[in-house]
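> The sequence and its predicted three-dimensional model are supplied below.
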Amino acid sequence: MAVTSSTDNSVTTLTLDSPHNRNALSTILVDELEAGLKAAADDPDVRAIVLTHTGGTFCAGADLSEAGSSVESRTSQMLGLLRLIVETPKPVVGQIDGHVRAGGMGLVAACDIAVAGTAATFALTEARLGLAASIVSLTVLPRLDSRAASRYFLTGEKFGAHEAEAIGLISEASSDPASTVVDILDSLRQASPQGLAESKWLTTRAVLAGFDARGEELSAHSARLFASDEAREGMMSFLQKRPPSWAGVKPTE
């Protein structure tokens with residue numbers, strides 16, 4: 001299993017547990033995460049959902065080892081997963097104590113509340129692979145201020161938890177994210193199921209409207225980029241641990 005699920009005291013915890021590929025978004029992981037989210041949403045005794053991970057990486061983004069499989073299927077699957085997190089009527093709380101890259105940023109941004117340990121790092125690395133953060137932009141862009149979005153979408157730079165909090169990606173940088181999440185869950189338990197669902201609807205309406213308006217377009221955009229020669233070179237260079245062909249290119253004089 002790539003995702004484990006447990007329920008206690010009205011909270012379902014979904015744990016990304018695929019250490020061999022740093023919790024990359026493989027077909028299996030996405031399928032199991034979707035199943036866990038749907039089961040929690042359908043359980044009347046569950047008040048909230050925690051999304052967390054094992055190991056030092058929360059999520060490394062797309063599983064590049066599956067690059068040869070159907071691009072359209074994988075992009076559609078990712079679009080569906082992000083939408084599911086956003087439209088699930090129960091609050092989803094991200095508990096992050098590791099590194100987050102590319103598609104993993106979409107998961108963090110889709111959470112209603114996200115807490116990250118101070119050692120966590122974040123990066124939108126797609127541009128360095130000949131790609132763009134197409135689908136994840138649906139959840140990431142509504143969180144970030146515009147200057148931060150331009151910088152990090154374009155440069156692929158790493159930034160830390162305090163910067164992530166400052167630009168709106170996460171709710172709080174914490175030296176003890178597990179303890180902080182416990183306090184948040186205690187607060188959520190004070191709210192009624194209807195109160196939580198209707199309040200979440202208010203905060204996610206604009207994001208879901210973005211999925212309706214641009215989801216198919218961005219899914220096609222992502223599929224086109226994944227199938228491009230530049231992206232193939234970027235992904236192969238990453239898997240082969242070498243610089244891509246364009247690395248270090250100097251401007252003409």
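That came in fine, so what should we check first? Numbering: from 1, shown residues only.
> Okay, strands next: where are they in the chain?
Using DSSP state E, the strands of the chain run over 3-8, 11-16, 48-53, 57-59, 92-96, 99-101, 113-117, 121-123, 159-160, 172-174.
> Can you list the residue ranges for helices in the stretch 51-200 of the chain?
All helices of the stretch 51-200 of the chain, identified by DSSP state H, counting those that start in this stretch, fall at 71-87, 103-110, 137-140, 146-155, 161-167, 177-188, 193-226.
> Find the one among those helices with the highest mean neighbour count.
With neighbours taken as mean count of other Cβ atoms under 10 Å, the helices of the stretch 51-200 of the chain reach their highest mean count in helix 103-110, at a mean of 26. For every residue, glycine as well, the C-beta is placed using N, CA and C.
> just the angle between that one and helix 146-155, please?
Here helix 103-110 runs at an angle of 160 degrees relative to helix 146-155 (axes from the mean of the first three to the mean of the last three Cα atoms, to 10 degrees).
> Helix 103-110 - what's its average pLDDT?
For helix 103-110, the mean pLDDT works out to 98.
> Kindly report the same for stretch 66-74.
Across stretch 66-74, pLDDT averages out at 78.
> pLDDT weak spots in the protein?
Where the chain drops to pLDDT under 70, the residues are 67-69, 249-253.
> tell me, what residue is most central in it?
Leu107 (1.9 Å; Cα atoms, centre = their mean).
> nearest residue to that one other than its sequence neighbours?
Leaving aside its sequence neighbours, Leu107 sits nearest to Cys59 (Cβ to Cβ, 6 or more residues apart in numbering; 5.8 Å).
> contacting residues for that neighbour?
Residues in contact with Cys59 (Cβ atoms under 8 Å, 6 or more residues apart in numbering) are Leu16, Arg22, Asn23, Ala24, Leu25, His53, Val100, Arg101, Gly103, Gly104, Leu107.
> Go again with 6 Å.
Applying Cβ atoms under 6 Å, 6 or more residues apart in numbering, we find Cys59 in contact with Asn23, Gly104, Leu107.
> can you put the helices of the stretch 51-200 of the chain in CSV and add distance to Ala39?
Below are the helices of the stretch 51-200 of the chain laid out as CSV (distance: least, Cβ to Cβ, whole Å):
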stretch, distance to Ala39
helix 71-87, 12
helix 103-110, 18
helix 137-140, 22
helix 146-155, 34
helix 161-167, 29
helix 177-188, 18
helix 193-226, 16
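> Please identify which of the ones you listed is closest to Gly130.
Taking Cβ to Cβ, helix 193-226 is the member of those nearest to Gly130, at 7.1 Å.
> quick one, the closest one and helix 177-188 angle?
Here the directions of helix 193-226 and helix 177-188 differ by 130 degrees (the same axes, to 10 degrees).
> gap between helix 193-226 and the chain center?
Relative to the chain's own centre, helix 193-226 is displaced by 13 Å; criterion: Cα atoms, centre = their mean, to the nearest Å.
> Against which helices or strands is it packed?
helix 71-87 (3 or more Cβ pairs under 6 Å, 6 or more residues apart in numbering; DSSP states H and E).
> Repeat the analysis, applying 10 Å as the threshold.
If contacts are counted by 3 or more Cβ pairs under 10 Å, 6 or more residues apart in numbering; DSSP states H and E, helix 193-226 sits against helix 71-87, helix 103-110, helix 137-140, helix 229-239.
> just to revisit the earlier point, including distance to Val140, could the strands of the chain go into TSV?
Shown next, in TSV, are these (distance: least, Cβ to Cβ, whole Å):
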stretch	distance to Val140
strand 3-8	22
strand 11-16	18
strand 48-53	16
strand 57-59	13
strand 92-96	13
strand 99-101	11
strand 113-117	12
strand 121-123	10
strand 159-160	13
strand 172-174	17
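> burial measure for Phe159, as a count.
19 (other Cβ atoms under 10 Å).
> The closest residue to Cys111 other than its chain neighbours and Cys59, how far apart?
In space, and not counting its chain neighbours, Cys111 is closest to Gly94: 3.7 Å by Cβ to Cβ, 6+ apart. Distance, Gly94 to Cys59, using Cβ to Cβ, to the nearest Å: 10 Å.
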